[in-house]
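Engineer: Here is the input, now give the coordinates:
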Amino acid sequence: MERNRQIAGIFRQHPDFIVALTTDHLETLNWLRENNLLARSHVCCRLPCVIAMDNQRLDGEEFRCQNRNCRRRFRIRIGSIWDAFRRIPLIVLVRIVFLYFGQNISAKRASRLLNVHGEIINKRTVQKVYKEARARIRAYMNAQVFSGVLRGTIEIDEALFTHRAGPERRGARQIWAIGMVERGSGLAFAFVVPNRNHATINALIRRYILPGSLIIHDGWQGYSRIPNLWRHVVLDHENNITTSQVEGLWGQLRAIIRNINSGGVVKGNVDAF
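Structural biologist: Predicted coordinates for the structure are as follows:
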């Protein structure tokens, strides 16, 4: 949970903070290490390497093995997402991911903004960075999904996110998401799915909701075939049968969901989003 909050906090940084941060190389390095986005240490020959200055390297620093018979040198970005883009300065990569990608700015526009600031990065390179960021987010979220299941009273809802890229807003991309919130604990799951039909919904219910639980939904036909092992009712505002908690997630998760491909999962607590 703490890690989830940390990731959410990073992407919620004010744009002015990221702009100021990426004007100083040393501050960028320290910020990345503080947020576990850059290795603080590396091991070689079963010994911890030391961080040494090296002005010949793009990052200005490197890991050096302490074994006198080895003396190997390693990039400080080794093992991180940044290592896939060795020719791009870290301050530029941070700006691309946490400023442009985080605000859903198109790769074409991001490339133009970088060029204005003297960084010649083409659209295809920005697209590659975006693609890698999406893959890392998806892999992390899938790995962190709670191993147990939701139980008790569960609110479930589906939402459609439409993202239009480019200056002329062409090529609309529609993304379906299904959310679940456990009342009381506030534990929440949000799934990016290809559709909201009964097969998709039932697969999620079987995997993430304990049999015997009460499911509250909005009456969409995709819920009509919920197996008998689960009780379910249609929301009724007059009798306080609502899905207000799960509906409240969508506005907060909008940017994250748009940046996760089909099959991605967001997990956490409603208080953390």
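Engineer: The closest residue to Gly79 other than its chain neighbours: neighbouring residues, count only.
Structural biologist: In space, and not counting its chain neighbours, Gly79 is closest to Ala39: 5.8 Å by C-beta to C-beta, 6 or more residues apart in numbering. C-beta coordinates here come from the backbone N, C-alpha and C atoms, glycine included. Burial of Ala39 is recorded as 19 neighbouring residues (other C-beta atoms under 10 Å).
Engineer: now swap in Leu150 and tell me
Structural biologist: 23.
Engineer: Same question for Leu99.
Structural biologist: Counted with other C-beta under 10 Å, residues neighbouring Leu99 total 20.
Engineer: How about it: what's its closest non-neighbour residue?
Structural biologist: Of all residues not flanking Leu99 in the chain, Ile18 sits nearest, at 4.5 Å (C-beta to C-beta, 6+ apart).
Engineer: List the contacts of the one you found.
Structural biologist: 94-95, 98-99 (C-beta atoms under 8 Å, 6 or more residues apart in numbering).
Engineer: repeat that for 10 Å
Structural biologist: 10, 28, 31, 91, 94-95, 97-100, 102-103 (C-beta atoms under 10 Å, 6 or more residues apart in numbering).
Engineer: got the residue ranges for the helices in the stretch 101-250 of the chain?
Structural biologist: 107-116, 123-143, 198-208, 244-258 (DSSP state H, counting those that start in this stretch).
Engineer: which of the ones you listed has the lowest average pLDDT?
Structural biologist: The stretch with the lowest mean pLDDT among the helices of the stretch 101-250 of the chain is helix 244-258, at a mean of 63.
Engineer: Next, the contact list for the closest residue to Val126 other than its chain neighbours, please.
Structural biologist: With sequence-adjacent residues excluded and distances taken as C-beta to C-beta, 6+ apart, Val126 is closest to Ala107, at 4.0 Å. Contact analysis of Ala107 by C-beta under 10 Å, 6+ apart lists 96, 100-101, 121-131, 165-166.
Engineer: Please pick the buried ones from these.
Structural biologist: Neighbour-count burial (16 or more other C-beta atoms under 10 Å) is assigned, among the contacts of Ala107, to 96, 100-101, 121, 125-126, 129-130, 165.
Engineer: Got a PyMOL select line for the buried ones in the contacts of Ile18?
Structural biologist: Filtering those down to the buried ones (16+ other C-beta under 10 Å) takes a single PyMOL command:
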select buried, resi 10+28+31+91+94+95+97+98+99+100+102
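Engineer: Out of the contacts of Ile18, the closest to Leu187 would be?
Structural biologist: The nearest member of the contacts of Ile18 to Leu187, counting by C-beta to C-beta, is Ile10 at 22.1 Å.
Engineer: The residue lying closest to Ile226 once chain neighbours are set aside: how many residues sit nearby?
Structural biologist: In space, and not counting its chain neighbours, Ile226 is closest to His232: 5.0 Å by C-beta to C-beta, 6+ apart. Neighbour count of His232, defined by other C-beta under 10 Å: 17.
Engineer: Tell me who's in contact with His232.
Structural biologist: Neighbouring residues of His232 by C-beta under 10 Å, 6+ apart: 154, 156, 205, 213-217, 223-224, 226.
Engineer: Next: Ser80.
Structural biologist: Counting by C-beta under 10 Å, 6+ apart, Ser80 touches 32, 36-39, 90, 93, 136.
Engineer: Could you name the specific helix or strand carrying Ile51?
Structural biologist: Element membership for Ile51, per DSSP states H and E: strand 50-53.
Engineer: Flag every buried residue along that strand.
Structural biologist: The neighbour-count check on strand 50-53 (16+ other C-beta under 10 Å) flags Ile51 as buried.
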